[in-house]
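In: Let's see this in three dimensions:
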Amino acid sequence: MHPPSLPTSVLLNRRQLGTLAWLAPWGAQAQAPAYPARPVKLINAFPPGGPSDILARSVGEVLQGVFKQPFVVDNRPGAGGNLGTDQVAKSPADGHTVLIGIDSTFTVNPHIYKNLPFKLSDFKPVMVMASSGLMAGASPGTGLRSMAQLVQKAKQQTLNFSSGGSGSPGHLAVEVLSEATGAHIQHIPYKGNTPAVAAVLAGEVDAGVLATPGMLPHVKAGKITPLAVTSRQRSRLAPEVPTVAELGFKELEQEVLYIALVPVATPDNVVQTLQRAFAEAMARPEIQTRLQALDLQAEKDSGEAMVQRLNQASERYRRVIQATGMKVE
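Out: Residues are numbered from 1 along each chain as shown. Model prediction:
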């Protein structure tokens, strides 16, 4: 005998149950808590007033309006960005803590700091927001008017150069300049680009190779003498300043990347939400205007393209650091 056939309604119910079971994970995602559920902290690994700080506040202002949640900038400078970066690495991975920093924390610091408590793989990339070159500038009291004069004088006596900290782009540039020219340069690290620029301005140091946005206002005011920019092209806001390549120092070409990342365990849907939000914020006309005023170049790399860019820079800087003997002071 054949077993009695089940009613069609029962078969349908079983099929429906199977379908519902297959859809369950998607339903769970759909019912996930809204993001952001509370204020978001943007940890800037450098002091207030610098380009990364201005970017963090500019983007945060836009995102606050979009998400209707506060985006609060919290400056945690120190050790070339290591302190703030380590704090974010150890933060809850829910998208409510975002690191705003620069590439050198991941591309230079691993090669000069022993036992660094984090690595790039501890984070998921959000976006490369912008890039800028560096500007070599001298305190007017030195009487230096060109890179040639600076190199000549530094071969006769030691000159003091400020940077935004050990491992910062300025520190790297100083070491390359010394190695390439035989100049005698004493590196003086400060806690960020802003105080390093102030040191040049006050004559505490002879010169510095520092983020162009921080140097430009003082160059325009005649309080810092510009010598060169490390970007491939001349600055749009100071076109009279030559590039290092034009002056025969192509090995000094260097850029600073301003980046946003979150802890690696942050859910992908949250990361994607942040990536879209950051990209849309950076495309806003008011942000573009601010970038131009700071002489920053808009960028858009995210995901694997961002990681690849950082890894390529890290490999280049590793070779430079080995060649120059650059170290933490």
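In: Can I get the host helix or strand of residue 83 in CSV, CA atoms only?
Out: Element membership for residue 83, per DSSP states H and E: helix 82-89. What follows is helix 82-89, C-alpha atoms only, in CSV (Å, rounded to 0.1, in the frame of the first residue of the first chain):
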residue,chain,number,x,y,z
ASN,A,82,50.4,55.7,17.2
LEU,A,83,48.5,56.6,20.4
GLY,A,84,45.2,57.5,18.7
THR,A,85,45.6,54.6,16.2
ASP,A,86,46.1,52.1,19.0
GLN,A,87,43.0,53.5,20.8
VAL,A,88,40.8,52.9,17.7
ALA,A,89,42.3,49.4,17.2
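In: That one: how far from the chain's middle?
Out: Taking C-alpha atoms, centre = their mean, to the nearest Å, one finds the center of helix 82-89 at 13 Å from the center of the full chain.
In: other SSEs contacting it?
Out: Here helix 82-89 touches strand 40-44, strand 97-102, strand 256-263, going by 3 or more C-beta pairs under 8 Å, 6 or more residues apart in numbering; DSSP states H and E. For the C-beta atoms, the positions are set from N, CA and C on the backbone; glycine is no exception.
In: what's the angle between the second one and strand 40-44?
Out: So the one you mean is strand 97-102. Angle, strand 97-102 to strand 40-44, by axes from the mean of the first three to the mean of the last three C-alpha atoms, to 10 degrees: 30 degrees.
In: I would like the residues contacting strand 97-102, please.
Out: The contact list for strand 97-102 (C-beta atoms under 8 Å, 6 or more residues apart in numbering) reads 40-46, 52, 55-56, 73, 81, 84-85, 88, 91, 123, 126, 168-169, 256-263, 274.
In: contacting residues for residue 325?
Out: residue 175.
In: With respect to residue 160, which of the helices and strands packed on helix 82-89 lies nearest?
Out: strand 256-263 (21.8 Å; C-beta to C-beta).
In: Check which strands are paired with that closest one and give the direction for each one.
Out: Applying DSSP bridges to the sheet, strand 256-263 is found paired with strand 97-102 (antiparallel), strand 123-132 (antiparallel).
In: Kindly format the C-alpha coordinates of the longest one as PDB.
Out: The C-alpha coordinates for strand 123-132 follow below in PDB (Å, rounded to 0.1, in the frame of the first residue of the first chain):
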ATOM      1  CA  PHE A 123      41.700  47.800  10.500                       C
ATOM      2  CA  LYS A 124      39.200  47.900   7.600                       C
ATOM      3  CA  PRO A 125      39.700  50.800   5.200                       C
ATOM      4  CA  VAL A 126      37.000  53.400   4.800                       C
ATOM      5  CA  MET A 127      38.600  55.900   2.400                       C
ATOM      6  CA  VAL A 128      41.600  57.900   1.300                       C
ATOM      7  CA  MET A 129      40.000  61.300   1.600                       C
ATOM      8  CA  ALA A 130      42.700  63.600   0.300                       C
ATOM      9  CA  SER A 131      46.400  64.000  -0.400                       C
ATOM     10  CA  SER A 132      48.900  66.800  -0.200                       C
END
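In: distance between that strand and the chain's centre?
Out: Centroid separation between strand 123-132 and its chain, computed with C-alpha atoms, centre = their mean, is 6 Å.
In: List the buried residues of it.
Out: 123-132 (16 or more other C-beta atoms under 10 Å).
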